[in-house]
Each structure stands twice: as structure tokens, then as C-alpha cells.
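Participant: structure for this input, please:
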Amino acid sequence: MAHENIRGNILNVRVTPRASSNRIQVIEQPDGTQLIRVYVTVPPEDGKANDAVIKLLAKELDIAQSSLTILSGHTSRNKKIRML
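Facilitator: Numbers count the residues shown, from 1 in each chain. So this is what the prediction gives:
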């Protein structure tokens, strides 16, 4: 994933829990937006997958985990995450 200045932006994220490995894939949509697919190995129980998504995105973007906030989709595979 490119390390560009996207602070303040909202990331559209599609999460796949119980994946074989933790990884991130960026997909260019036909409308020009980007969908970020995040694969995590943990199950979607008690917020474990959400925590893993935030941790993985923060590491990839080289920012603090506290800079990422899930705005919507806490119990869904589709999430909107704000970067502060």
C-alpha cells in the first residue's frame, strides 16, 4: 500500500476474518475509488477481528493505532475507518 498523506480521509475496508494470513490488498474500483481488503487470521468474535484490522492498518500506514477509528461496520465485513 502506498504511503501517501491520507490523514482525515475515510477508508472503505472489506474485512475477511479467519484468513490464512494477515495481509492487505488495495483494489481500484470502476468509479475511481479504492477498496481496501484486509485479511486477518482471527475470528470475528468480541471485536478481535476489528482490533486486528486496526493493528494491521496502523502498521502498514506507519501511524499510531489511536489514529484510526471505525466509524461504521463494527459488526459487518464492510467498514468505514477514519484516519485522524
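Participant: quick check, S67 in contact with I81.
Facilitator: No: using CB atoms under 8 Å, S67 is not in contact with I81; the gap is 10.2 Å. For glycine as for every other residue, the C-beta is placed from the backbone atoms N, C-alpha and C.
Participant: looking at those two, which one has more neighbours?
Facilitator: Regarding S67 and I81, a neighbour count based on other CB atoms under 10 Å identifies I81 as having more, with 21 against 14.
Participant: so who does the more buried one touch?
Facilitator: For I81, the contacting residues are 10-11, 13, 53-54, 57, 68-71, by CB atoms under 8 Å, 6 or more residues apart in numbering.
Participant: make a PyMOL selection of whichever of these turn out to be buried.
Facilitator: The buried subset of the contacts of I81, as determined by 16 or more other CB atoms under 10 Å, is captured in PyMOL by this line:
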select buried, resi 11+13+53+54+57+68+70
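Participant: in strands, which of the contacts of I81 appear?
Facilitator: Among the contacts of I81, the members falling in strands (DSSP state E) are 10-11, 13, 68-71.
Participant: redo these as CSV? Include distance to D46.
Facilitator: Below are those laid out as CSV (distance: CB to CB, whole Å):
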residue, distance to D46
I10, 25
L11, 23
V13, 19
L68, 19
T69, 19
I70, 15
L71, 20
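Participant: now, the most widely separated pair of the residues you listed?
Facilitator: V13 and T69 (12.1 Å; CB to CB).
Participant: that older thread, from the contacts of I81, which is closest to R77?
Facilitator: V13 (8.8 Å).
Participant: my read: that closest one touches R82, true?
Facilitator: No: between V13 and R82 there is no contact under CB under 8 Å: 11.0 Å.
Participant: and for the nearest residue to S67 once chain neighbours are set aside, the neighbour number?
Facilitator: Leaving aside its sequence neighbours, S67 sits nearest to L84 (CB to CB, 6 or more residues apart in numbering; 4.7 Å). Neighbour count for L84, taken as other CB under 10 Å: 10.
Participant: so where's this structure shaky on pLDDT?
Facilitator: For the chain, the stretches flagged by pLDDT under 70 are 1-8.
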